[in-house]
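In: next come a sequence and a model predicted from it.
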Amino acid sequence: MTHIKIAPSMLSCDFSNLEKELKAIDAAGADYIHLDVMDGHYVPNITFGPPVIKAMRPHTDKIFDVHLMINPAAPYIEAFAEAGADIITIHAEADDHTHRVLQQIKATGKKAGIALNPATPTDVLDHIMDLVDLVLVMTVNPGFGGQSYIALDNKIADVCARIDATGRDIDLQVDGGITDETARMVKQAGANVLVAGTYVFKDGTKYYSDKISSLRKQ
Ligand code: DX5
Ligand code: ZN
């Protein structure tokens with residue numbers, strides 16, 4: 001059976017105490033720490049950038065899974081790598097030269113991810129699979145936490161088949177509207193990394209561990 005990884009999205013945590021939140025989510029059993037970077041241009045919201053990620057870095061050894069919702073991404077890749085990202089994911093639509101930016105990420109020694117918006121067809125993966133370590137299927141339109149899940153099970157299954165065809169160990173991540181119920185659906189479709197913001201954080205620190213285990217066992 002596939003090992004399911006849970007990637008809590010810090011977008012829903014208490015930004016006034018990132019150190020405490022990171023330590024709590026680490027202790028609760030997170031596999032990846034999902035960091036949503038938004039620029040107010042590619043998506044209609046602004047979050048944080050490399051200095052904040054750098055400040056977060058000493059507080060956990062967990063994998064920093066950096067989801068860039070910025071356009072352009074190319075000028076900032078090195079800064080995110082230096083700040084402590086382990087995986088850097090760009091959107092297929094967010095840069096004119098996706099292949100080159102993926103090469104740029106690999107050149108920093110970090111893992112490279114490609115994100116597909118709900119309306120983005122999976123054939124954008126055709127000529128870049130050899131460069132990617134993670135494919136992110138968005139199940140909401142990017143920009144905000146707390147939105148409703150968009151059912152894209154067939155699309156997730158399509159990406160799963162493409163990953164299987166490579167014979168490589170590529171993460172299939174799903175992000176947006178993940179709850180116990182939708183976790184079950186996306187796992188069945190083939191996802192192995194579940195991002196969850198609202199669901200994990202909304203009831204407070206005391207429940208982080210229960211929420212993570214619940215998503216894992218669905
Ligand atoms: C949305 C972000 C997500 C977001 C998910 O643009 O990419 O990572 O935090 O939040 P929930 O789990 O609340 O849908
Ligand atoms: Zn995200």
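Out: All right, it came through fine. Worth saying up front: this structure is predicted, and the values here are computed from it rather than measured. Ligands and ions are numbered 1, 2, ... in the order given.
In: tell me where this protein has helices.
Out: Using DSSP state H, the helices of the chain run over residues 18-27, 50-56, 77-83, 98-107, 153-166, 180-189, 198-201, 208-217.
In: a markdown table for those, including mean neighbour count, distance to residue 37 and mean pLDDT?
Out: To be clear about C-beta, it is placed using only N, CA and C from the backbone, and glycine gets the same treatment. Compiled in a markdown table, the helices of the chain are given as follows (neighbours: other Cβ atoms under 10 Å; distance: least, Cβ to Cβ, whole Å; pLDDT from 0 to 100):
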| stretch | mean neighbour count | distance to residue 37 | mean pLDDT |
| --- | --- | --- | --- |
| helix 18-27 | 17 | 14 | 98 |
| helix 50-56 | 16 | 8 | 98 |
| helix 77-83 | 18 | 8 | 99 |
| helix 98-107 | 18 | 14 | 98 |
| helix 153-166 | 16 | 22 | 98 |
| helix 180-189 | 18 | 23 | 98 |
| helix 198-201 | 24 | 18 | 98 |
| helix 208-217 | 17 | 22 | 98 |
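In: redo those helices as a markdown table? Include distance to residue 43.
Out: Below are the helices of the chain laid out as a markdown table (distance: least, Cβ to Cβ, whole Å):
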| stretch | distance to residue 43 |
| --- | --- |
| helix 18-27 | 21 |
| helix 50-56 | 17 |
| helix 77-83 | 16 |
| helix 98-107 | 17 |
| helix 153-166 | 20 |
| helix 180-189 | 21 |
| helix 198-201 | 17 |
| helix 208-217 | 24 |
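In: go through those and name the closest to residue 63.
Out: When the helices of the chain are compared by Cβ to Cβ, helix 18-27 sits nearest residue 63, at 10.7 Å.
In: packing partners for the closest one?
Out: In terms of contacts (3 or more Cβ pairs under 8 Å, 6 or more residues apart in numbering; DSSP states H and E), helix 18-27 is packed against strand 32-38, helix 50-56, helix 208-217.
In: how about the ones you listed, which one is nearest ligand 1?
Out: Nearest to ligand 1, of all the helices and strands packed on helix 18-27, is strand 32-38, at 4.6 Å by Cβ to the nearest ligand atom.
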